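Peer 1: no sequence on this one, just coordinates:
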């Protein structure tokens, strides 16, 4: 697994955006907000140059000094997988919301809220955990946590 520089502050900003927008969508009962977050996460997973929250961090938040970079050497793959997983779950939740099943749809969206909060406040990335477990069980394309990380 290839290690490179990962800016943990960019990941934190991503979590802040996810939490803020999905919670705002819940408070306003606007399913378009979690659907939009799902779109941003999935688009950024498929084409990193479309990762809107990372672009805002890189071109607005960081230059204004609102957050300072915190770079570490590690593989970005688990974080990218976590983003795709979160985007997929939000897309499913949004689909349920748009089909008229509010309680079920918001329940699915709240799973992403709780997991994003766990990452933001406690440093536990559930998607990264799943990635490493898949690697540990030998699923092709996934790598177990190395002793270097």
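Peer 2: Structure received. Not measured: the values here are computed from a predicted model. Numbers count the residues shown, from 1 in each chain.

Peer 1: for residue 48, give its distance to residue 25.
Peer 2: Distance, residue 48 to residue 25, by Cβ to Cβ, to the nearest Å: 25 Å. To be clear about C-beta, it is placed using only N, CA and C from the backbone, and glycine gets the same treatment.

Peer 1: and residue 130, by the same measure?
Peer 2: According to Cβ to Cβ, residue 130 and residue 25 sit 24 Å apart.

Peer 1: more neighbours: these two, which one.
Peer 2: Remark: of residue 130 and residue 25, residue 25 carries more neighbours, 23 against 15, as counted by other Cβ atoms under 10 Å.

Peer 1: which ones are touching the closest residue to that one other than its chain neighbours?
Peer 2: For residue 25, ignoring the flanking residues on the chain, the nearest one in space by Cβ to Cβ, 6 or more residues apart in numbering is residue 33 at 2.9 Å. Contact partners of residue 33, counting by Cβ atoms under 8 Å, 6 or more residues apart in numbering, are 21-22, 24-25.

Peer 1: same question, residue 17
Peer 2: 37, 40, 53, 56.

Peer 1: repeat the analysis, applying 10 Å as the threshold.
Peer 2: Contacts were defined as Cβ atoms under 10 Å, 6 or more residues apart in numbering; by that measure residue 17 touches 37, 40-41, 52-54, 56-57, 116.

Peer 1: so how do I select the buried members of the residues you listed in PyMOL?
Peer 2: Those of these that count as buried under 16 or more other Cβ atoms under 10 Å are selected in PyMOL with:
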select buried, resi 37+40+41+52+53+54+57+116
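
Peer 1: export the contacts of residue 17 to JSON lines and tack on pLDDT?
Peer 2: What follows is these, written out as JSON lines (pLDDT from 0 to 100):
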{"residue": "37", "pLDDT": "98"}
{"residue": "40", "pLDDT": "97"}
{"residue": "41", "pLDDT": "97"}
{"residue": "52", "pLDDT": "96"}
{"residue": "53", "pLDDT": "96"}
{"residue": "54", "pLDDT": "95"}
{"residue": "56", "pLDDT": "97"}
{"residue": "57", "pLDDT": "97"}
{"residue": "116", "pLDDT": "96"}
